[in-house]
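>>> structure for the following, please:
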Amino acid sequence: MNATSLNPKTEFLLGAGLNVLHQESREWLETIAFWKDETRFFADLLQKKELKEKTKSEYGKMLENLDKIHANLFDYLADDIRGHEKLLSKLHTQEKGLADGEYRDKHRNLKERMDIFSNDFKEFKKMVFGYAKKL
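Okay, here's the model as predicted:
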């Protein structure tokens with residue numbers, strides 16, 4: 001017996017039409033673009049604060065490295081979503097060997113990754129702001 005359960009929104013969306021799933025994918029790409037802008041802001045904020053204080057702690061270096069990692073993860077996640085959208089295009093043209101269920105499974109997986117990443121990114125932002133306040 002599978003003990004994991006999806007949240008109601010996920011269950012609803014995965015039962016929705018492909019156009020709704022496509023829209024959600026587009027929203028994910030917009031969210032990632034926004035996160036990338038935020039990381040650039042954080043990098044600038046930390047750099048200005050550290051230059052002003054003429055100090056760079058180990059924690060500051062760690063945040064800077066984490067910022068670079070996030071930037072790369074954004075790109076990987078966005079690439080996966082774009083690949084997912086290409087799969088939808090192939091489904092739409094009824095390319096042989098593809099099934100609606102395969103697309104929905106990949107969509108569910110991407111949704112889970114976006115949710116996890118969103119929570120992790122919120123924690124990262126708290127760390128950045130907490131550090132910036134102390135400078």
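>>> in the chain, where is pLDDT below threshold?
Scanning the chain for pLDDT under 70 picks out 1-15, 50-56, 135.
>>> going along the chain, name the helices of it.
Along the chain, counting by DSSP state H, helices occupy 8-14, 18-53, 58-92, 100-134.
>>> so which elements touch the longest one?
Right, helix 18-53. helix 8-14, helix 58-92, helix 100-134 (3 or more Cβ pairs under 8 Å, 6 or more residues apart in numbering; DSSP states H and E). Backbone N, C-alpha and C define where each C-beta goes, glycine included.
>>> nearest to residue 32, out of the ones you listed?
helix 58-92 (4.9 Å; Cβ to Cβ).
>>> from the chain's centre, how far out does the closest one sit?
6 Å (Cα atoms, centre = their mean, to the nearest Å).
>>> check which helices and strands it sits against.
Using 3+ Cβ pairs under 8 Å, 6+ apart: helix 58-92 touches helix 18-53, helix 100-134.
>>> buried sites along the longest one?
The reference is to helix 18-53. Buried residues in helix 18-53, counted by 16 or more other Cβ atoms under 10 Å: 21-22, 24-25, 28, 31-32, 35, 38-39, 42-43, 46, 49-50.
>>> isn't residue 29 up against residue 83?
No - Residue 29 is beyond contact range of residue 83, at 11.8 Å (criterion: Cβ atoms under 8 Å).
>>> how close does residue 19 sit to residue 25?
The spacing between residue 19 and residue 25, counted by Cβ to Cβ, to the nearest Å, is 11 Å.
>>> now do residue 107
7 Å.
>>> shared neighbours, these two?
residue 84 (Cβ atoms under 8 Å, 6 or more residues apart in numbering).
>>> let's have the helices and strands packed on helix 58-92 in CSV, adding distance to residue 61.
Compiled in CSV, those are given as follows (distance: least, Cβ to Cβ, whole Å):
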stretch, distance to residue 61
helix 18-53, 10
helix 100-134, 11
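>>> out of those helices, nearest to residue 78?
Of all those, helix 18-53 comes closest under Cβ to Cβ, at 4.9 Å.
>>> any idea how far the closest one is from the middle of the chain?
Counting by Cα atoms, centre = their mean, helix 18-53 comes out at 9 Å from the chain centroid.
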